[in-house]
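Undergrad: Structural data only, the sequence is not supplied:
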């Protein structure tokens, strides 16, 4: 991340009445830069030495910061670096997926510490909420005396779950159709005393990559998450872009062909590069469709299924990268997903090869980077939402989507 931009973004104010904001600024500075002495904090945030000393004292008393071992320099007194206390606060992320429910607890540094997962063929509301209640009970039991330091729940799910009913068909269609009349956030709030905030699943995954992955050094990137269905998010100049309706970065709907009279509508990216197509090929051959999430999917026995899908998906993704680069002037495209790691690696390599078929004259060709967070990005991104809304000054980049 550009140091000049980071510093200006973390500048505080010495004006009376700015206590909470300045506390957030100090916490943000430590989150970005790691363990740092008070004197360096004052220079970085442009707060007075006295103001920083008072804030640090409060944050130490609240258990949000811890002192590290003294560092002895060649000149002057030894300095005492301050760092975030991992046990200072916790948050829960709940991810409602089309194939799984995941509940995850993240500590104050954003690292996962507990996790519960429930697999299913489709998200039936009755079973899902019962599993969610049990999962919350399990996490609370595992956390023990630390549970009271949990500050909230970040809930993530695809927008409009009911709209996938026709695609999934059968009993799944009936269950998914019921989601049209269910207020997911309200139902989850009934299961917990903790405040619940909602984010679209791919936006939450993008948040995790922004805060815990490539976002720490890459300013503008398109985020691509390949799961049962493909989706994405958009980061420009270090901020999540949600759009007026929460659909910015919704690459699953991107056309990957030209429309012409008589040939019908061109397919969308989700019809060419989702794990769903590979699942269906496996299912038709009597194989377990959930193999796509396991390393074994790249065994030679499944090449007849994986090779055609990788070829099709990589061509569609390369077109998406080229189109996005022309429109958004990106530094990078970050690809992650819930597919087995070897399958994701093969898909990225094929996409990189397919990009050679596109001209980038007059625009910057973005790097293609493997995501650093991994399959649990959606749940982790959800867990990060309450932490950052309560403790860090850049909360708006997450919560603007509430109106979508």
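TA: Arrived safely, thanks for sending. None of the values given here were measured: they were computed from a predicted structure. Numbers count the residues shown, from 1 in each chain.
Undergrad: Phi and psi next, for residue 100.
TA: phi -160, psi 160 (degrees, to the nearest 10).
Undergrad: in the stretch 251-400 of the chain, which spans are strands?
TA: Using DSSP state E, counting those that start in this stretch, the strands of the stretch 251-400 of the chain run over 332-337, 367-370.
Undergrad: for the first one, packing partners?
TA: It stands for strand 332-337. Contact partners of strand 332-337 among helices and strands, from 3 or more C-beta pairs under 8 Å, 6 or more residues apart in numbering; DSSP states H and E: helix 201-212, strand 221-226, helix 303-328, helix 341-355, strand 367-370. Any C-beta I mention is one placed from the backbone N, CA and C, and that applies to glycine too.
Undergrad: roughly how far is it from the heart of the chain?
TA: 11 Å (C-alpha atoms, centre = their mean, to the nearest Å).
Undergrad: as a whole number, average confidence for that strand?
TA: Taken as a whole, strand 332-337 has a mean pLDDT of 98.
Undergrad: My guess is residue 204 contacts residue 97. True?
TA: No - at 11.4 Å, residue 204 does not count as touching residue 97 under the criterion of C-beta atoms under 8 Å.
Undergrad: ok so, going back, okay if I get the strands of the stretch 251-400 of the chain as JSON lines plus distance to residue 66?
TA: Listed next are the strands of the stretch 251-400 of the chain as JSON lines, based on distance: least, C-beta to C-beta, whole Å:
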{"stretch": "strand 332-337", "distance to residue 66": "31"}
{"stretch": "strand 367-370", "distance to residue 66": "33"}
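Undergrad: Give me the pLDDT value at the nearest residue to residue 330 once chain neighbours are set aside.
TA: Nearest-residue entry for residue 330: residue 366, 4.2 Å, with adjacent residues in sequence omitted and distances by C-beta to C-beta, 6 or more residues apart in numbering. We have a pLDDT of 98 for residue 366.
Undergrad: Point out the most buried one among the strands of the stretch 251-400 of the chain.
TA: strand 332-337 (a mean of 25; mean count of other C-beta atoms under 10 Å).
Undergrad: Can you check what angle separates it from helix 303-328?
TA: Between strand 332-337 and helix 303-328, the angle comes out at 150 degrees (axes from the mean of the first three to the mean of the last three C-alpha atoms, to 10 degrees).
Undergrad: in its sheet, what does strand 332-337 sit against?
TA: strand 221-226 (parallel), strand 367-370 (parallel) (DSSP bridges).
Undergrad: can you list those strands in a markdown table and add distance to residue 316?
TA: Formatted as a markdown table, the strands paired with strand 332-337 follow (distance: least, C-beta to C-beta, whole Å):
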| stretch | distance to residue 316 |
| --- | --- |
| strand 221-226 | 11 |
| strand 367-370 | 14 |
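Undergrad: Would you list the phi and psi of the residue nearest to residue 122 when sequence neighbours are not counted?
TA: Excluding its sequence neighbours, the residue lying closest to residue 122 (C-beta to C-beta, 6+ apart) is residue 172, at 3.7 Å. Backbone geometry at residue 172, expressed as degrees, to the nearest 10, gives phi -60, psi -40.
Undergrad: Run a quick neighbour tally on residue 172.
TA: A count of nearby residues for residue 172, using other C-beta atoms under 10 Å, gives 18.
Undergrad: again with residue 206
TA: Residues near residue 206, counting by other C-beta under 10 Å: 34.
Undergrad: quick one: contacts for it?
TA: Residue 206 is in contact with 223, 225, 232-235, 240, 249, 381, counting by C-beta atoms under 8 Å, 6 or more residues apart in numbering.
Undergrad: how about residue 101, phi and psi?
TA: phi -110, psi 130.
Undergrad: Quick check: closest non-adjacent residue to it.
TA: residue 118 (4.4 Å).
Undergrad: residues in contact with that neighbour?
TA: 100-102, 131, 135.
Undergrad: In which helix or strand does it reside?
TA: In this assignment (DSSP states H and E), residue 118 forms part of strand 112-119.
Undergrad: ok so, going back, report the separation between the residue nearest to residue 122 and residue 228.
TA: Using C-beta to C-beta, to the nearest Å, residue 172 is found at 11 Å from residue 228.
Undergrad: Relative to residue 256, which of the helices and strands packed on strand 332-337 is closest?
TA: Residue 256 sits nearest to helix 303-328 of all the helices and strands packed on strand 332-337, at 4.4 Å, using C-beta to C-beta.
Undergrad: Average pLDDT for the closest one, rounded please.
TA: 97.
Undergrad: Let me see the residues that make contact with stretch 370-379.
TA: 93-95, 97, 102-104, 112, 115, 156, 201-202, 204-205, 208-209, 212-214, 223, 225, 293, 334-339, 344-345, 348, 380.
Undergrad: For it, buried residues please.
TA: Neighbour counts over stretch 370-379 (16 or more other C-beta atoms under 10 Å) mark 371, 373-379 as buried.
Undergrad: Show only the entries of those found in helices.
TA: Mapping those onto helices (DSSP state H) picks out 377-379.
Undergrad: Any regions of the stretch 101-250 of the chain where pLDDT drops low?
TA: 162-170 (pLDDT under 70).
Undergrad: need the strands for it, in chain order.
TA: Counting by DSSP E, counting those that start in this stretch, the strands of the stretch 101-250 of the chain are 112-119, 150-157, 196-200, 221-226, 230-236, 239-240.
Undergrad: The first one pairs with which strands, and in what direction?
TA: Translated: strand 112-119. strand 100-106 (antiparallel).
Undergrad: Contacts for the strand it pairs with, please.
TA: 90-95, 112-120, 123, 128, 131-132, 135-136, 138-139, 143, 150, 376, 378-380, 382-384, 387.
Undergrad: For ChimeraX, what selects the buried ones among these?
TA: Here is the ChimeraX command that selects the buried residues among those (16+ other C-beta under 10 Å):
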select :90,91,92,93,94,95,112,113,114,115,116,118,120,123,128,131,132,135,136,139,143,150,376,378,379,380,382,383,384,387
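Undergrad: How about the spatially most central residue of the chain: what's its closest non-neighbour residue?
TA: Per C-alpha atoms, centre = their mean, the C-alpha nearest to the average position across the chain is that of residue 205, at 1.7 Å. Sequence neighbours aside, residue 377 is the residue nearest to residue 205 in space, at 3.8 Å (criterion: C-beta to C-beta, 6+ apart).
Undergrad: Relative to residue 57, how far out is that neighbour?
TA: 36 Å.
Undergrad: Fine by me, we can end here.
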